[in-house]
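> how would this look folded up:
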Amino acid sequence: MHVHIVYAHPEPSSYNGAMARVAREHFMDQGCTVTMNDLYASGFDPVERREHYANRSGTEVFAALAEQRNAWQSCTLPAEVLTEIRHLQRADLVVLQFPLWWHGPPAILKGWMDRVFVNGGLYTSRMRYDTGYFKGKRALVSVTTGAPRQAFGPGCRGGDLDTMLWPLQYSLHYMGFSALPPFVSYGVQGHGYSYEDESRLHARLEKNLSDWRTHLSTLEDVDPVRFPGWTDWDSDGKSLT
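Numbers count the residues shown, from 1 in each chain. Model (predicted):
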């Protein structure tokens, strides 16, 4: 099995960094091949822009989707995008590791999706959802939060985590991935923001890392999140259920 980890945190010694390293070490210990893109360390540009395309189809107006499609067809995709696509093509499992910032993923991870999920190549009007390019592959979101578990849920001050993660999970489904239920690490407080005794915090986070290892060992038994597919909508795209 091949696993590709996409890691989005600017500090290598962060708890997110530890989560990414544990995942890599776990899968390698299991005999899997593993690739990982540390988006900050690699300097990945999350902003889609005309300068990324040397062989542009249009000269005056920059239309990102048209340029992605043209670059795919003419084999002129930016090198960093093509590298990521090759990792995804090879992967049986993709792991996204990131902190929850402003009720969603960091901008660099959203920008990775904007640029790597190439229009006209990895999705079309008929190649999406349960007929998507990555059908048969699984994706796992691993997210950390600063607030404790009890702060999250419908009507809670931290917000409903399922709602906040829905756009990311649904986008993975749109691309054909089987999106597994997310693994959430609650109460991961940054440097200088600890609201509990350091020894208790350390023990709790070590226990969470152990739970993360255990969770990674049981992924074969985890059912993906249920999302609608083509047969669940009518010709106008309205739900049949």
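> CA only for contacts and neighbour counts going forward, please
OK.
> any low-confidence regions in the protein?
190-198 (pLDDT under 70).
> Swap in 80 and give it another go.
For the chain, the stretches flagged by pLDDT under 80 are 58-59, 189-202, 204, 241.
> Tell me where it has helices.
15-29, 64-73, 79-90, 107-116, 161-174, 198-217 (DSSP state H).
> Kindly report which residue of this protein is located farthest from the centre.
What lies farthest from the middle of the chain is residue 60; by CA atoms, centre = their mean that is 33.1 Å.
> Could you pull up the residues touching that residue?
By CA atoms under 8 Å, 6 or more residues apart in numbering, residue 60 lies in contact with nothing.
> For stretch 125-137, measure first residue to last.
20 Å (CA to CA, to the nearest Å).
> same question, stretch 113-124
15 Å.
> neighbouring contacts of that stretch?
46-48, 65-66, 68-69, 72-73, 81-82, 84-85, 132-133, 175.
> measure residue 130 to residue 119 for me?
Taken as CA to CA, the span from residue 130 to residue 119 is 17 Å.
> Check residue 170 too.
17 Å.
> same thing with residue 151?
Taking CA to CA, one finds residue 151 at 38 Å from residue 119.
> now swap in residue 200 and tell me
47 Å.
> These two: which has the busier surroundings?
residue 119 (20 against 10; other CA atoms under 10 Å).
> Geometric centre of the protein: which residue is closest?
Central residue of the chain (CA atoms, centre = their mean): residue 96, at 3.7 Å.
> that older thread, kindly write the ChimeraX command that selects the buried subset of the contacts of stretch 113-124.
The following ChimeraX line selects those of the contacts of stretch 113-124 that are buried, judged by 16 or more other CA atoms under 10 Å:
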select :46,48,66,68,69,72,81,82,84,85,132,133,175
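> Out of the contacts of stretch 113-124, the closest to residue 19 would be?
Checking the contacts of stretch 113-124 against residue 19 with CA to CA, the nearest one is residue 84 at 20.6 Å.
> now the helices of the chain as a markdown table including distance to residue 3?
As requested, the helices of the chain are exported to a markdown table (distance: least, CA to CA, whole Å):
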| stretch | distance to residue 3 |
| --- | --- |
| helix 15-29 | 8 |
| helix 64-73 | 24 |
| helix 79-90 | 8 |
| helix 107-116 | 17 |
| helix 161-174 | 16 |
| helix 198-217 | 12 |
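> and residue 225, which of those is closest to it?
That would be, of those and by CA to CA, helix 161-174, which comes in at 8.5 Å.
> Pull out the buried residues from that closest one.
161, 165, 168, 169, 170, 171, 172, 173, 174.
> Give the other helices and strands that it contacts.
strand 178-179 (3 or more CA pairs under 8 Å, 6 or more residues apart in numbering; DSSP states H and E).
> Partner strands of the strand it packs on, with direction?
strand 138-144 (parallel) (DSSP bridges).
> how about residue 14, phi and psi?
phi -70, psi 170 (degrees, to the nearest 10).
> Now for it, how many residues are close by?
Residues near residue 14, counting by other CA under 10 Å: 14.
> can I assume residue 144 is in contact with residue 16?
Yes. The criterion here is CA atoms under 8 Å, and residue 144 meets it with residue 16 at 7.2 Å.
> measure residue 173 to residue 241 for me?
In terms of CA to CA, residue 173 sits 19 Å off from residue 241.
> Repeat that for residue 150.
Distance from residue 150 to residue 241, by CA to CA: 33 Å.
> Pick out whichever of those two has more residues nearby.
residue 150 (11 against 6).
> so what's residue 169 closest to, chain neighbours aside?
The shortest distance from residue 169 to any non-neighbouring residue, by CA to CA, 6 or more residues apart in numbering, is to residue 179 (6.2 Å).
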